[in-house]
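S.K.: predicted structure and sequence below. I'll ask about it afterward.
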Amino acid sequence: MKNDSGHHWLEKISASLGLDSTCQDWGVENSDSERLQEFMLFFESHIPLHSWAFEELGELILQSANDKMESGEFSEIELGEFRQFLLKNHQKFPEVTQLWVGLSEDPDFPVAGILYSCVAC
């Protein structure tokens, strides 16, 4: 996932969000269920420096949402906002969407089923 300037774009995103840019699996290792709303707002206001930026942010959001769902922290309002986010933005991270849709029947990834239902719309 490098462009000509290496991970410069990922370092900028990480600095903006206060995340570790040196992780192997950036979106998974930096996930934080308590910051899901912040990550979604950043995604929607972010102008990507590289085509993979939305893919990385998409994975960060999906993993954070999955963690939130597994812990039972999602309110109905938050879940509705998350669904709206997916309906509006899933096409901006097609690689990650495809990967997570493939997990839609795996009980360890409850958010994948929500994503699947949004993609099918």
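M.R.: That came in fine, so what should we check first?
S.K.: got the residue ranges for the helices in the chain?
M.R.: Per DSSP state H, the chain carries helices over the ranges 8-17, 26-29, 36-45, 52-70, 76-89, 94-101, 110-119.
S.K.: low-scoring stretches of this protein, by residue?
M.R.: Along the chain, the parts satisfying pLDDT under 70 run over 1-7, 121.
S.K.: if I follow the layout properly, Leu10 ends up in contact with Cys23?
M.R.: No - counting by C-beta atoms under 8 Å, no contact exists between Leu10 and Cys23, whose distance comes to 9.4 Å. Bear in mind the C-beta positions are built from the backbone N, C-alpha and C, glycine included.
S.K.: tell me which of those two has more neighbours.
M.R.: Neighbours were counted for Leu10 and for Cys23 using other C-beta atoms under 10 Å; Leu10 has more, 22 against 13.
S.K.: for the more buried one, give me its contacts.
M.R.: If you count contacts by C-beta atoms under 8 Å, 6 or more residues apart in numbering, Leu10 has them with Met1, Ser21, Trp26, His50, Ala53, Glu56.
S.K.: I'd like to know how far the closest residue to the third one other than its chain neighbours sits from Asp32.
M.R.: So that's Trp26. Setting aside the residues directly before and after it, Trp26 is nearest to Glu56 in space (C-beta to C-beta, 6 or more residues apart in numbering), at 5.5 Å. Glu56 is 14 Å from Asp32, where distance means C-beta to C-beta, to the nearest Å.
S.K.: what of Leu19?
M.R.: Between Leu19 and Asp32 the computed distance is 9 Å (C-beta to C-beta).
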